[in-house]
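Novice: Got a sequence here, can you build the structure:
(chains A and B)
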Amino acid sequence: MIENNIAALSSYAGDIDGLISLISVIVGFWFFLAQGVFFWFIFKFRAKSGVKAQYITGELKSHKKWVTIPHFLVLGFDIIILVFAIRVWVHVKQTLPEPDSIIEVTGQQWAWSFNHPGPDGELGTDDDIATVDELHVEVDKTYHFILGATDVLHSFSVPVFRLKQDAIPGREITGWFEATETGTFDIQCAEMCGIGHGVMFGRIIVESAEDHASWVASN
Amino acid sequence: MTSQTESSVETHAGDHHHEEGFVKKYLWSTDHKMIAKQYLFTGMAMAVIGGWMAYVFRMQLAFPGEAVPGYGLVSSAEYNSMVTNHGTIMIFWVAMPVLIAAFGNYLIPLMIGCDDMVFPRINRLSYQVFLLSAIVLIFSLFVQGGGFGGAWTSYPPLSSESQFNLQPLAPSLWVIAVALEFVAFLLGGINFIVTLMNSRAPGMKMYDIPMVIWMIVLASIIFMASVGPLIAGAIMLVFDQLLGTSFFDPGNGGDPVLWQHLFWFFGHPEVYVVLLPALGIVAEIMPVFSRKKLFAYKTVLYTAIATGIISFFVWAHHQFISGIDPRMANVFTVTTLIISVPIAEMMFVFIATLWGGSIKLTVPMLWALSFVAEFMLGGVTGIYLGASGADIYFHDTYFVLAHFHYTFFPIAIIGTFAAVTYWYPKIFGRMMNATLGKIHFWGTIVAFNFIFIPLFMLGAAGQHRRIYSYELFPELAELQDLRVFATKAMIVMLAFQSVFIFNFFKSMFWGEKAPMNPWRSSTLEWTVPSPPPHGNFAVLPTVYRGPYEYSHPDREEDFWPQDEAPITNG
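Specialist: Prediction:
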């Protein structure tokens, strides 16, 4: 459902989209059923001359079941949604797969700065490649990102990856992603960060192994 | 206590009615009905300001960089200030004063059968503090650096340090205005709770209290229980801003996430603080115009109480991706989805109330029914956001924005129109024009959906919030048509409000005189003249039955006033 609105280009984007589709099916069914019954009742029980309304307190068990049965069904469907939601959450946010490479992402008013490992593949050495508003990654590789902020809250968001994580000054938060297709995509800041919040944007460039190697070499 | 005894002397009956001067009557009144009107008119005036802001920033979104007719060019700082203050105003200065303060004040004494609030002077003080808070907020829009632009959630360090928000004064004034507003509602809330518990008419048992009164009082209790941590947080925030403390400054040992917990510990119960009175209004109107008893009164009441309690355990669903320990999300996603059960139950009860009814689509009934229809979409879209895995994507997108407008619009706007059109004859003694009312209803409801369904689509496409122009973002820039469409729908909706304003004021002076009980309702406020005199009841009523005895099989009449003495069979 979401993939019709925006491409799904990370290893876990499909999991999140699948969860959203599942929720859509469940709540969509209930929503249209409830609306249908609601409008049917409004039509069916419209005032007619000479017809008096029924006197139903709703306190009898035989009446109340019309509310309590749906009540337990809603609870049951909530549990189904919860099981899948937590599974996706644990996979995306709570577990960190072994990284192929590590990058640093820092939010500041009003730009993203990135630090990539240089030719030695290690972060924190002299050959690191620092960029602003432009992040280069290799396709089909698992990246850890170490996210920080220098001033206020920011939120590192890559919609095509279904990736979003707030950045907090004074803290380092580690997350991960794995891009599945090459191309150039938007990076947003999804947390209000001041008057330049609207211009705080970056691009993520997902490259093939050869392209990425030549970009690293050229820096 | 002195105010209580004094006031009962002052207002004990309508029989020796004395004329009061203008100031005493309109500005310094302790009469709950006058205070209610003050809240109503102040809330409506603030709604006009909030609506104007929505007009300006939606125009900027649809036509970025072009001068907005009636306003001019919108800078990014002005844009931030408008979205911030639009949210703040609509929740704290429209939804709360109108739904809780105005209708709480007006209805509680009349519907439980007493002459006034227990503490009339505290009531007056409550409105005066509220008015002061509104003045401080409006003043904050015009200080150096413009109105506060750090979003209505006011997350530090952006809100706490002027080197980051470039606003030396507005953030502090904003916090002070909100804190004053809380003081006003604490004063009002104490009054509501004490009045309901102590001043009910003889014979009115707990299950005979009209649902709207229960809901307003429950909302007051939830508000009082949740607001403490935020007031503490607000004091820390003002100290950070003005005295250089560092409660939320990570560079000096503080923690910005602490604010988020304090804010949302209040902020999520606050949703139910405004929701419950709106549900109560719907529960009041539906039985009248379907001539049916409210389905399962006790279930509704206990469901509302359960909702209130659960609402204290869901706050961190606003913080799934804020950097809290990811394991915590698993707890809060469970509590959040659980809260959908009582809310769904409430909707089922409303639908069940219609079964077997004799439904008349009057203007108040149209509003009440549309509340259910629209709120259901707000409710089900909340499931996406409460499900932690899906929230990773939807967090801080327009999907969130559309979701909460599908809850807050029914609450604050539809709920208000339902209440105003239903109780207008009682409050102002005249009937509103029904044809104009229906034109206003359809214009508003249709346009409302055309505003926010496109915003769901934009959110699904990943559009993030509080951005004053999307031209920079290649993936989002191409969706401009949806933004223009939503803005046009909003202009149509705002235009239709002129029909309401015209109807509201014209009917006040030239409307048809309202009888005592135009809707043939059975609750106590309809047993006094329209408008009710000072002191409300000539003889204080005695209550014999519940509030929704419509179409009782033993009676010829299809309603049974709560205070009508039963015929004793000797």
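Novice: The residue nearest to the spatial centre of chain B and B:Tyr272: what is the separation?
Specialist: Nearest to the mean C-alpha position of chain B, counting by CA atoms, centre = their mean, stands B:Ala95 at 2.6 Å. Relative to B:Tyr272, B:Ala95 is positioned 12 Å away (CB to CB, to the nearest Å). For glycine as for every other residue, the C-beta is placed from the backbone atoms N, C-alpha and C.
Novice: ok, the spatially closest residue to the residue nearest to the centre of chain B that is not a sequence neighbour - contacts?
Specialist: Spatial nearest neighbour of B:Ala95, excluding adjacent residues (CB to CB, 6 or more residues apart in numbering or on different chains): B:Ala412 at 3.8 Å. Contact analysis of B:Ala412 by CB atoms under 8 Å, 6 or more residues apart in numbering or on different chains lists B:90-91, B:94-95, B:98-99, B:274, B:278.
Novice: how about the strands in chain A?
Specialist: For chain A, strands defined by DSSP state E occupy the ranges A:101-108, A:111-116, A:129-132, A:134-138, A:142-149, A:154-158, A:163-167, A:173-178, A:183-189, A:201-207.
Novice: and the residue nearest to B:Ala95, what pLDDT?
Specialist: On the pLDDT scale, B:Ala412 is placed at 95.
Novice: Run through chain A and note the low-pLDDT ranges.
Specialist: Low-confidence segments of chain A (pLDDT under 70): none present.
Novice: Residue nearest the middle of it, spatially speaking?
Specialist: A:Arg162 (4.2 Å).
Novice: Now for the chain: which helix has the highest residue count?
Specialist: In the absence of a named chain, this looks at chain A. Identified as the longest helix of chain A according to DSSP state H is helix A:13-44.
Novice: other chain: chain B
Specialist: Counting residues, the longest helix found in chain B (DSSP H) is helix B:256-290.
Novice: anything in the helix or strand hosting B:Leu401 near chain A?
Specialist: Assigned by DSSP states H and E, B:Leu401 falls within helix B:398-408. No - contact of helix B:398-408 with chain A (CB under 8 Å from any CB of the partner chain) is absent, the minimum separation being 9.8 Å.
Novice: What average pLDDT does that helix get?
Specialist: 97.
Novice: Likewise for stretch B:297-316?
Specialist: Stretch B:297-316 shows a mean pLDDT of 95 in the predicted model.
Novice: does chain A sit close to the helix or strand hosting B:Pro454?
Specialist: B:Pro454 belongs to helix B:434-460 when assigned by DSSP H and E. Yes - Helix B:434-460 reaches chain A (CB under 8 Å from any CB) through B:457, B:460.
Novice: Please enumerate residues in contact with the helix or strand following that helix?
Specialist: As assigned by DSSP H and E, the chain's next helix or strand after helix B:434-460 is helix B:474-477. Helix B:474-477 has contacts (CB under 8 Å, 6+ apart) with A:6, A:159-160, A:185-186, B:458, B:461-463, B:470-471.
Novice: ok, 6 Å please
Specialist: Applying CB atoms under 6 Å, 6 or more residues apart in numbering or on different chains, the set of residues contacting helix B:474-477 from outside is A:186, B:463, B:470-471.
Novice: what does stretch B:416-432 give?
Specialist: Under the contact criterion CB under 6 Å, 6+ apart, stretch B:416-432 has outside partners B:98, B:103, B:281, B:285, B:363-364, B:367-368, B:437, B:503, B:507-508, B:511-512, B:514, B:518, B:525, B:530-531.
Novice: Any quick ChimeraX command for the buried ones out of those residues?
Specialist: In ChimeraX, a selection of the buried entries from the contacts of stretch B:416-432 looks like this (16 or more other CB atoms under 10 Å in any protein chain shown):
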select /B:98,103,281,285,363,364,367,368,437,503,507,511,514,518,525,530
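Novice: Confirm for me that the residue nearest to the centre of chain B is in contact with B:Val274.
Specialist: Yes - shown here, B:Ala95 and B:Val274 form a contact pair, counting by CB atoms under 6 Å, at 4.4 Å.
Novice: Pull out the buried members of the contacts of helix B:474-477.
Specialist: If you count burial by 16+ other CB under 10 Å, the buried members of those come out as A:186, B:463, B:470.
Novice: Specify which member of these is nearest to B:Ala62.
Specialist: Taking CB to CB as the measure, B:Ala62 lies nearest B:Tyr470 of the buried ones among the contacts of helix B:474-477, at 10.6 Å.
Novice: B:Gly357 is in contact with A:Lys44, isn't it?
Specialist: No - counting by CB under 6 Å, A:Lys44 is not a contact partner of B:Gly357; they are 9.4 Å apart.
Novice: quick one, which of those two is more surrounded?
Specialist: Between B:Gly357 and A:Lys44, B:Gly357 has the larger neighbour count (other CB atoms under 10 Å in any protein chain shown), namely 25 against 13.
Novice: quick one on the thing from earlier: what about the residue nearest to the centre of chain B? Give its phi and psi, please.
Specialist: phi -60, psi -50 (degrees, to the nearest 10).
Novice: how close does it sit to A:Asn5?
Specialist: Remark: distance between B:Ala95 and A:Asn5 (CB to CB) = 31 Å.
Novice: and stretch B:510-529, how far apart are its ends?
Specialist: Chord length of stretch B:510-529, first to last residue, is 18 Å (CA to CA, to the nearest Å).
Novice: nope, stretch B:508-519 is what I was after
Specialist: Start to finish, the residues bounding stretch B:508-519 are 18 Å apart (CA to CA).
Novice: Now tell me what touches that stretch from outside.
Specialist: Under CB under 6 Å, 6+ apart, the answer for stretch B:508-519 is B:288, B:425, B:428-431, B:526, B:529-530.
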